[in-house]
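# Mind looking at a prediction? Sequence and model below.
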Amino acid sequence: MSVRKTVLAWPVLRQVLGNDSLGRGSAVTSPATEAIQPRTVTADKVVRSVCPYCAVGCGQRVFVKDEKVVQIEGDPDSPISRGRLCPKGSASEQLVNSPGRQTAMLYRRPYGTEWESLDLETATDMIADRVLQARDQTWQDVDDQGRKLRRTLGIAGLGGATLDNEENYLIKKLFTAMGAIQIENQARI
């Protein structure tokens, strides 16, 4: 059943003839517009988070419905961003819900042409084995004059702004304990 529109339903006539002469309220609001609800109203819970894109650390409010992120907005209680987000931060919901998001560990064997899925434990073991092998092969205990070095130039660390300060601190400590001296963070580059 379609609704027949009349000239009297035109917003400009409702504006002139009604009490909304500036056209900012009821004169320009249709029944379809009034029926629309924001996604945030129907959310089951709101979780506070930090934007993952840069080192600023803008606060976010993540709205969740049925265990799925439905909206991400700036957190007005954040002393850093005071409720504002840049264009990337505003689009971070797409980071979570993108149909192209990878959710499995992928591995391509040497000289292979196809990716294969690995379980997390296998992938972690492979990474640990390679880190230890690179450290052992490139370890420098002393230099040419016999001075202690206790370092490796075969491993480097690059932290990211998607990690919080505590995670980056622990990564720095880990790489330093392994003898790496080339440790940097994306936020400084």
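Now that the structure is in, tell me what you want to look at.

# Over to the residue most central in space within the chain. Which of the three states is it?
Among the residues of the chain, the smallest C-alpha distance to the mean C-alpha position (Cα atoms, centre = their mean) belongs to P52, namely 3.9 Å. Using DSSP: H, G, I helix; E, B strand; the rest coil as the criterion, the local structure at P52 reads coil.

# any idea how far it lies from T40?
In this view, P52 and T40 are 20 Å apart by Cβ to Cβ, to the nearest Å. For the C-beta atoms, the positions are set from N, CA and C on the backbone; glycine is no exception.

# Ok, D143 next?
As defined by Cβ to Cβ, D143 lies at a distance of 61 Å from T40.

# ok, the two, which is more surrounded?
Set side by side, D143 and T40 show more neighbours around T40, with 14 against 10, by other Cβ atoms under 10 Å.

# check which helix or strand covers R24.
In this structure, R24 sits in neither a helix nor a strand according to DSSP states H and E.

# quick one: it and A104, what's the gap?
Distance, R24 to A104, by Cβ to Cβ: 50 Å.

# what does V131 give?
When Cβ to Cβ is applied, the distance between V131 and A104 equals 22 Å.

# The two - which one has more neighbours?
Set V131 next to A104 and count neighbours by other Cβ under 10 Å: V131 wins out with 17 against 12.

# How about the contacts made by the more buried one?
Contacts for V131 (Cβ atoms under 8 Å, 6 or more residues apart in numbering) come out as I155, M178.

# What pLDDT is listed against it?
Confidence at V131, expressed as pLDDT, is 95.

# Next up, identify which helix or strand it is on.
helix 120-138.

# Which residues belonging to that helix are considered buried?
Using 16 or more other Cβ atoms under 10 Å as the test for burial, helix 120-138 gives V131, A134, R135.

# of these, closest to T33?
V131 (57.3 Å; Cβ to Cβ).

# So which residues of this protein form strands?
Chain-ordered strands for the chain, with DSSP state E as the definition, fall at 45-50, 59-65, 68-74, 105-107, 116-118, 139-142, 148-159, 180-185.

# Double-check Q60 against G89; I have them as touching.
Yes - applying Cβ atoms under 8 Å as the test, Q60 and G89 come out as touching, 7.0 Å apart.

# which neighbours do those two share?
Looking at what touches both Q60 and G89 (by Cβ under 8 Å, 6+ apart), the common residues are C51, I72, G74.

# What values do phi and psi take at the first one?
Going back to what we said before, that points to C51. Backbone torsions for C51, taken as degrees, to the nearest 10, come to phi -60, psi 130.

# so how far is Q186 from it?
Using Cβ to Cβ, one obtains 14 Å as the distance from C51 to Q186.
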